[in-house]
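>>> task: produce atomic coordinates for the following.
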Amino acid sequence: MRRLPRLSWLLQAVLTAGLLVLLVRLADPAQIVRLAAAASLPMLLLALALLPLNLLLEGSMWHLLVRLEIPDQPFRRSLGAMLCGYAVGFFTPSSVGEFAGRAFYLPHDDKWALSAMVLAERMAAMAVVVIPGAGALALVLAHRPLPFADAWAALLLMGVLTGGGLAAVLLMPRPVYRLVGRLPRGHRAQHHLGFLLTIRHGRIAALLGLGLLRYAGYVAQFFVLVRAFLPDAPLWESLQGVMLVFYTKFLIPSITLLDLGIREGASVFFFGHLGLPDAVGLQASLLVFALHLLIPAALGLPFLLRLRVSRPEGFALPAWLRRRALSPDDPR
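Numbering: from 1, shown residues only. Here you go, the predicted structure:
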């Protein structure tokens, strides 16, 4: 049975590598090299300088929720848990280990409640990306018909329903809590969702506001990278392309390693459709991957090395993490 995860990982790796090779060929390797050689160093450094701001905004969203369970939690520990989650998620399929990394870094008995808060933060982040992204896609479909128009119309409808559903869930936490209780084994789940009864609309508004600021920071970072490779890139078309890339990445399930290739494929498609060079979209999106995942995961490694966990009943951890981070009272 252990061979199945390894086979799945191998297939994902082959698919990811093949997709990246295809995208490089579509974007023209000679143009990629030419644009990379002429890239603006100040703009690249500006994009890097936006990384701490984006991490602080995400950490603030997470801290806002954590304090519902741990009122005296210092921000630095919440930030450490977030970075630890990045490091754990980097080594797990679809970054699912991020939930365990954050939950087990914090000194709180109910790890399931903390994991549910990670999910709540993800829902808020997705809502503030999908709703404006749906608007951008509607404008493109109205003025620049895309190939496979029916498929894009379906994706637009999916985005509207997803964004509306997420917003409804976030704005009505108490009904969600009661609904969970009516599901099979829902009373057991309710035990870990008590924070839904204490969260107030002011905190939800703050959570969504921070999410919007974080999204704006990501869009600005992506746009700065576009300008680094193409200084005269038009503002509106570039912003539309960036918003559509994030929209697609959030809605289309990834079957590649670390979602690598989905964002890049969307960049090549949309940037080319909007009249921008494919190579610009590909290079900018690869750097976004490094800024949004590789660097935060590297920053989280020191926190991962300090992680000490014990597994509560029913909470499944990856085997490698259980071996690497045993609790002090574990005899092994």
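
>>> only C-alpha atoms from now on, for both contacts and neighbour counts.
Noted.

>>> tell me the spacing between residue 109 and residue 59.
21 Å (CA to CA, to the nearest Å).

>>> what residues does stretch 90-105 touch?
80-89, 111-112, 114-115, 118-119, 254, 257-259, 293-294, 297, 304, 307-309, 317-318 (CA atoms under 8 Å, 6 or more residues apart in numbering).

>>> any of those buried? List them.
Taking 16 or more other CA atoms under 10 Å as the criterion, what is buried in the contacts of stretch 90-105 is 80-89, 111-112, 114-115, 118, 254, 257-259, 293-294, 297, 304, 307-309, 317.

>>> just the CA trace of whichever strand or helix holds residue 263, in CSV.
In this structure, residue 263 sits in helix 262-273 according to DSSP states H and E. Taking C-alpha atoms only, helix 262-273 is exported to CSV below (Å, rounded to 0.1, in the frame of the first residue of the first chain):
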residue,chain,number,x,y,z
ILE,A,262,-1.5,25.7,-12.9
ARG,A,263,-0.7,29.4,-12.2
GLU,A,264,2.0,29.4,-14.9
GLY,A,265,-0.3,27.9,-17.5
ALA,A,266,-3.0,30.4,-16.7
SER,A,267,-0.4,33.2,-17.0
VAL,A,268,0.7,32.1,-20.4
PHE,A,269,-3.0,31.8,-21.6
PHE,A,270,-4.4,35.0,-20.2
PHE,A,271,-1.3,37.2,-20.8
GLY,A,272,-1.2,36.0,-24.4
HIS,A,273,-4.9,36.6,-24.9
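
>>> helix or strand right after it?
Counting by DSSP H and E, the element after helix 262-273 in chain order, helix or strand, is helix 278-289.

>>> got the angle between that next one and helix 262-273?
150 degrees (axes from the mean of the first three to the mean of the last three CA atoms, to 10 degrees).

>>> helix 278-289 - what's its average pLDDT?
Per-residue pLDDT over helix 278-289 has a mean of 94.

>>> what's it in contact with?
For helix 278-289, contacts defined as CA under 8 Å, 6+ apart pick out 23-24, 26-28, 31-32, 35, 221-222, 225-226, 229-230, 260, 263-265, 267-269, 271-272.

>>> going through those residues, which ones are buried?
Neighbour-count burial (16+ other CA under 10 Å) applied to these gives 23-24, 27, 32, 35, 221-222, 225-226, 229-230, 260, 263-265, 267-269, 271-272.

>>> residue 109 and residue 59: who's more crowded?
residue 59 (21 against 11; other CA atoms under 10 Å).

>>> which helix or strand contains the closest residue to that one other than its chain neighbours?
The spatially closest residue to residue 59, leaving aside those adjacent along the chain, is residue 79, at 5.2 Å (CA to CA, 6 or more residues apart in numbering). Using DSSP H and E, residue 79 sits within helix 75-90.

>>> okay, the angle between the helix or strand that that helix is followed by and helix 75-90?
Beyond helix 75-90 in the direction of the C-terminus, DSSP H and E gives the next helix or strand as helix 97-105. Inter-element angle recorded for helix 97-105 and helix 75-90: 140 degrees (by the same axes, to 10 degrees).

>>> can you name the next helix or strand after helix 97-105?
Next along from helix 97-105, by DSSP H and E: helix 111-143.

>>> how distant is that following helix from the center of its chain?
Chain-centre distance of helix 111-143: 10 Å, with CA atoms, centre = their mean, to the nearest Å.

>>> tell me the angle that helix makes with helix 75-90.
If you take the same axes, to 10 degrees, helix 111-143 sits at 70 degrees to helix 75-90.

>>> so where is this structure shaky, pLDDT-wise?
Applying pLDDT under 70 to the chain picks out residues 1-6, 93-94, 308-332.

>>> cutoff 50 now
1-2, 310-315, 317-318, 320-332 (pLDDT under 50).

>>> quick check, residue 186 in contact with residue 176.
No. Assessed by CA atoms under 8 Å, residue 186 is found out of contact with residue 176, at 11.3 Å.

>>> the two: which is more packed in?
Ranked by neighbour count (other CA under 10 Å), residue 186 and residue 176 place residue 176 first, with 17 against 14.

>>> what's the nearest residue to the more buried one if we skip its chain neighbours?
That would be residue 169: by CA to CA, 6+ apart, it lies 6.6 Å from residue 176.

>>> and for residue 257?
If the residues on either side of it in the chain are set aside, residue 257 comes closest to residue 12, at 5.7 Å by CA to CA, 6+ apart.

>>> tally of neighbours for that neighbour?
19.

>>> next, the contact list for it, please.
Contact partners of residue 12, counting by CA under 8 Å, 6+ apart, are 255-257.

>>> for residue 54, list the residues it contacts.
Contacts of residue 54 by CA under 8 Å, 6+ apart are 214, 217-218.

>>> check which helix or strand it maps to.
Taking DSSP H and E as the definition, residue 54 sits inside helix 41-69.

>>> quick one, that helix and helix 278-289 angle?
40 degrees.

>>> list the buried residues of helix 41-69.
Quick answer for helix 41-69 (16+ other CA under 10 Å): 43-44, 47-48, 50-51, 54-55, 57-66, 68-69.

>>> same thing with stretch 117-126?
Buried positions in stretch 117-126, judged by neighbour count with 16+ other CA under 10 Å: 117-118, 120-121, 123-126.
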